[in-house]
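S.K.: Sequence and predicted model, in that order:
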Amino acid sequence: MAKVSLLGYDIDSLSFEGAVARAKEISGQVVTINPEMISNPDLLEVINSSELVIPDGIGVEIGLKIMGRRLRRIPGVEFAHRMIEECASEGKTVALVGAKPEIVQKTVENLKAEYQNLDIVYVHDGYFKNDEEIFKSLTDLQPRLVLCALGSPKQEFFINKVKKDLPNSLLIGVGGSFDVWAGEVCRAPEIWQKAGLEWLYRAIKEPERFKRIFPALPLFVWRVLKERYIPRGV
Ligand code: UDP
């Protein structure tokens, strides 16, 4: 399967529909990669050993473009929602781990209202001290789809740790998706999304995001430009 490398992080070269088709065939870890993750060297091994890595957001799309590769972004929140829809129509089981207790409960309520056939077999909020009990429940239940909304890099490490005991599961790190599905956080209007400015809209709505995005984003673009145009060793 074709991969493209961005600063050493391998990304699957797939369209949205291609990624959905691939995800339906495999089990293992799905990462929706963004520049913040690429700026975290601790995640390199986890990401490069993931079964599917999709480019989430304009930052990665631009980074790939600088490297001469065209790959359309796949918003993680849309991709994960589509996988839920696939599970509902195929009668496959789903587990949700993450977000605040009231948010994950509201997410369950909203998803069940949307898909009457959806079989949610396990739900746990994301504010736990000990992950053993969650690992044990997931191992007992063996859900086909496990969505983890713990924020990055916590969710990537959590999935990486549990995936070996879930040989038939697809495990996706979904960041703030439960907050969106619970109706707590609104996605940017479509015009912002189309312009690739969803990150800016979210940063305006949640100013504390600026602190996270702003060291990582310009640094990421600089590193990609350096990789592309400045020979190594200079
Ligand atoms: N979260 C969690 N446990 C934690 C830290 C965060 O469940 O210890 C949840 C948080 O409530 C939110 C999600 O993880 O629902 C992270 O959202 P954020 O928007 O920061 O993620 P991003 O999409 O930016 O990775």
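M.R.: Sure, I can see it. Numbers count the residues shown, from 1 in each chain.
S.K.: Look through this structure and state the residue closest to the ligand.
M.R.: residue 126 (1.9 Å; Cβ to the nearest ligand atom). Where you see a C-beta, it was placed from the backbone N, CA and C, and this is true even at glycine.
S.K.: biggest helix in the protein by residues?
M.R.: Criterion DSSP state H: the longest helix present in the chain is helix 208-229.
S.K.: by contact count, what packs against that helix?
M.R.: Judged by 3 or more Cβ pairs under 8 Å, 6 or more residues apart in numbering; DSSP states H and E, the packing partners of helix 208-229 are helix 35-38, helix 58-66, helix 198-205.
S.K.: Let me see the mean pLDDT of it.
M.R.: Confidence over helix 208-229, taken as the mean pLDDT, stands at 85.
S.K.: Helix, strand, or coil at the residue most central in space within the chain?
M.R.: Taking Cα atoms, centre = their mean, the centroid of the chain lies closest to residue 32, which sits 3.5 Å from it. Using DSSP: H, G, I helix; E, B strand; the rest coil, the structure places residue 32 in strand.
S.K.: What residues does residue 168 make contact with?
M.R.: Going by Cβ atoms under 8 Å, 6 or more residues apart in numbering, residue 168 touches 27, 142, 144.
S.K.: at 6 Å instead, please
M.R.: residue 27 (Cβ atoms under 6 Å, 6 or more residues apart in numbering).
S.K.: re the thing from before, most tightly packed of the helices and strands packed on helix 208-229?
M.R.: Among the helices and strands packed on helix 208-229, the stretch with the highest mean neighbour count (mean count of other Cβ atoms under 10 Å) is helix 35-38, at a mean of 23.
S.K.: what packs against it?
M.R.: Judged by 3 or more Cβ pairs under 6 Å, 6 or more residues apart in numbering; DSSP states H and E, the packing partners of helix 35-38 are helix 208-229.
S.K.: Next, format the helices and strands packed on helix 208-229 as JSON lines and append distance to residue 118 and mean pLDDT.
M.R.: Written out in JSON lines, the entries for the helices and strands packed on helix 208-229 read as follows (distance: least, Cβ to Cβ, whole Å; pLDDT from 0 to 100):
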{"stretch": "helix 35-38", "distance to residue 118": "29", "mean pLDDT": "92"}
{"stretch": "helix 58-66", "distance to residue 118": "30", "mean pLDDT": "93"}
{"stretch": "helix 198-205", "distance to residue 118": "26", "mean pLDDT": "85"}
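S.K.: so what pLDDT did residue 12 get?
M.R.: Residue-level pLDDT assigned to residue 12 equals 97.
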